[in-house]
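>>> structure for the following, please:
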Amino acid sequence: LSMAFDIGNPLIPIFDKPYVEKPQKKTKSLSERITEALHESGFSNIGVRLNNRDLWVSAQNDKYFYTTRALGVIIKILYDLKPIYVDKINISLHDNGIPIVQLNTTFLDIYELFNEKMTLREFLSLATIRTDMNTSPDMDIHHKKLFKYALKPEFKSFLNDPSGFFKYRAGVSGWTSFNPWSGGSFILELETYPLNTVSTSNAPLSRPVRSDIVPYLKQDVVLGQLMYQQILKFDKEYYGRFAGGILETEYAGIDGEVAKPFLNGRLFVGLSGSVVRKRAVDEPFQLKTDDWKEYYNTCFLNTRLNIPELETSIEVNTGQFLAGDKGARLTVSKFIKGVTIFAWYSFTNTSIFSDPSNRGYSDKGIGVKIPMRLFEGTDTKTAYNYSISPWTRDVAQDVVHFTTLFDYFGRDKKIYLDKDKQHMYK
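Okay, here's the model as predicted:
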């Protein structure tokens, strides 16, 4: 039995039923009608304001993989509702209160687009798309979404250990976040692994930062994260991120980052660093007291070159890693219709290690990020990561980040919004 499968093509065709307004709702005010239509179409934290003949719409996209598709859904709703006495239309998409993208157009242009009196290219040439806003319009917010959550299957491999080539953990993880204000999130993650064969015959190496992770991986129930994270957006598209608490399975501490896109998103540049301590293996809320080092710190200059013409990005993280080794990690990613395939390789001064397993070694691996929209028959922003690498050593290691600013930018910069414009209008 065989089946042809092209990467990125949905196994089940994606169909999202268009919104149809019920007759009894047509008696409500324009702002109420738009709010209900957006909520039923996959948006939350919705604000609508009519100021003279200017209509402002603010919403959070909870459903659509491509931001341009979310914009397209909103303008189709406005076309269908046909708001009279409206000239200018301003649509602002945000994520947990952080402005992401703003589309400024007119209802006349929307009307002519959907009546095929102008092409999408002509429509966008008359419209304005911005990503440099750092404040949202002042308006009442409805259908507030204070909590987010996700549940996903887990399968994590532990490869090429001397005690056995293939070890694994299989189970389920779930996380939830409470988002009380703009950019702020309290995050909790729990993991359980009913199937767990991870073990090792190796002792921790000379400067263990990951070679001692096996006792953590042997736990069948894990408090993966318990932390607070704050994301900020400033003038001129400067971003900041701070996180503190239990950051991951092995480390707790503080983690920070600043970053900025350049050249319409062609280049991302940022600085990041963390100060952490190891967690106790059997006590989820305690720190390790008999470690070879009390505090671990990292510091990086991060750059990412985006090449949308090839749907490829090249990221380099240069600085000091957890074990104190200095150097760089190179990651190359390829985006194929929503699926991201990536590989990484490190170059660091391994002379600081006294053991032969780390000395002269380069950390490396491959991975894939798969959007669930390929399998669900409906659009969704959910995507799962899976990566593999040889048995874990201590070279070029970093803490696990719940969010990085480069991934937070994602494709929501002008150079990629232009690339994804075909998803706006079907």
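
>>> CA atoms of stretch 410-418 as CSV?
Only the C-alpha atoms of stretch 410-418 are listed here, as CSV (Å, rounded to 0.1, in the frame of the first residue of the first chain):
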residue,chain,number,x,y,z
GLY,A,410,7.2,35.0,12.1
ARG,A,411,5.6,35.9,8.7
ASP,A,412,3.9,39.0,10.1
LYS,A,413,6.3,41.5,8.5
LYS,A,414,5.8,43.3,5.2
ILE,A,415,8.1,41.1,3.1
TYR,A,416,6.2,38.0,4.0
LEU,A,417,2.7,39.6,4.1
ASP,A,418,3.3,40.5,0.5
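
>>> how distant is it from the center of its chain?
Computed by C-alpha atoms, centre = their mean, to the nearest Å, the separation of stretch 410-418 from the middle of its chain amounts to 14 Å.

>>> next, the buried residues of that stretch.
Under the neighbour-count criterion of 16 or more other C-beta atoms under 10 Å, stretch 410-418 has 411, 412, 413, 414, 415, 416, 417 buried. Where C-beta positions appear, they are placed from N, C-alpha and C, glycine not excepted.

>>> residue ranges with poor pLDDT in the stretch 301-426 of the chain?
For the stretch 301-426 of the chain, applying pLDDT under 70 flags the ranges 391.

>>> could you pull out the strands for it?
312-320, 326-336, 339-348, 364-371, 383-388 (DSSP state E, counting those that start in this stretch).

>>> as a markdown table, those strands with mean neighbour count would be great.
Output for the strands of the stretch 301-426 of the chain, formatted as a markdown table (neighbours: other C-beta atoms under 10 Å):
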| stretch | mean neighbour count |
| --- | --- |
| strand 312-320 | 17 |
| strand 326-336 | 17 |
| strand 339-348 | 18 |
| strand 364-371 | 16 |
| strand 383-388 | 13 |
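
>>> what sits against the closest residue to residue 174 other than its chain neighbours?
Computed as C-beta to C-beta, 6 or more residues apart in numbering, the closest residue to residue 174 that is not its neighbour in sequence is residue 151, at 4.4 Å. Residues in contact with residue 151 (C-beta atoms under 8 Å, 6 or more residues apart in numbering) are 172, 173, 174.

>>> what helix or strand does residue 151 sit in?
Residue 151 is located in strand 147-161, with elements delineated by DSSP states H and E.

>>> export only the CA atoms of that strand, formatted as CSV.
Presented in CSV, the C-alpha positions along strand 147-161 are these (Å, rounded to 0.1, in the frame of the first residue of the first chain):
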residue,chain,number,x,y,z
PHE,A,147,-7.1,31.9,28.9
LYS,A,148,-5.4,29.9,26.1
TYR,A,149,-4.7,26.2,26.3
ALA,A,150,-3.4,23.3,24.2
LEU,A,151,-3.2,19.5,24.5
LYS,A,152,-0.9,17.5,22.3
PRO,A,153,0.6,14.0,22.0
GLU,A,154,4.3,13.7,22.8
PHE,A,155,6.9,11.4,21.4
LYS,A,156,10.4,12.3,22.3
SER,A,157,13.4,10.1,21.2
PHE,A,158,16.7,9.6,23.0
LEU,A,159,19.1,8.4,20.3
ASN,A,160,22.5,6.8,20.0
ASP,A,161,23.1,6.4,23.8
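
>>> residues making contact with the helix or strand just after it?
Next helix or strand after strand 147-161 toward the C-terminus (DSSP H and E): strand 164-178. Residues from elsewhere that reach strand 164-178 (C-beta under 8 Å, 6+ apart): 146-159, 161, 185-199, 217, 220, 224-225.

>>> restrict strand 164-178 to CA atoms and write it as CSV.
Provided in CSV are the C-alpha atoms of strand 164-178 (Å, rounded to 0.1, in the frame of the first residue of the first chain):
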residue,chain,number,x,y,z
GLY,A,164,20.9,1.5,23.5
PHE,A,165,20.5,3.2,20.1
PHE,A,166,16.8,4.0,20.4
LYS,A,167,15.1,5.1,23.6
TYR,A,168,11.9,7.1,23.8
ARG,A,169,9.1,8.7,25.9
ALA,A,170,5.5,8.7,24.7
GLY,A,171,2.6,10.5,26.3
VAL,A,172,0.7,13.7,26.4
SER,A,173,1.4,17.3,27.4
GLY,A,174,-0.9,20.2,28.1
TRP,A,175,-0.3,23.9,28.8
THR,A,176,-2.5,26.8,29.7
SER,A,177,-1.8,30.5,29.9
PHE,A,178,-3.7,33.3,31.7
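
>>> quick one: it to strand 147-161, angle?
170 degrees (axes from the mean of the first three to the mean of the last three C-alpha atoms, to 10 degrees).

>>> I'd like the next helix or strand past strand 164-178.
That would be, after strand 164-178 and using DSSP H and E, strand 184-196.

>>> by contact count, what packs against that next one?
strand 164-178, strand 221-233 (3 or more C-beta pairs under 8 Å, 6 or more residues apart in numbering; DSSP states H and E).

>>> at 10 Å instead, please
In terms of contacts (3 or more C-beta pairs under 10 Å, 6 or more residues apart in numbering; DSSP states H and E), strand 184-196 is packed against strand 147-161, strand 164-178, strand 221-233, strand 239-246.

>>> span of stretch 94-108 from start to end?
End-to-end distance for stretch 94-108: 25 Å, by C-alpha to C-alpha, to the nearest Å.

>>> pull out the buried positions in that stretch.
For stretch 94-108, by 16+ other C-beta under 10 Å, it's 94-103, 105-107.

>>> could you do stretch 206-226 as well?
Those would be 206-214, 216-217, 219, 222, 224-226, for stretch 206-226 by 16+ other C-beta under 10 Å.

>>> so which of those are in helices?
214, 216, 217 (DSSP state H).

>>> so what pLDDT did the first one get?
Think residue 214. Note on residue 214: pLDDT of 91.

>>> good, wrapping up.
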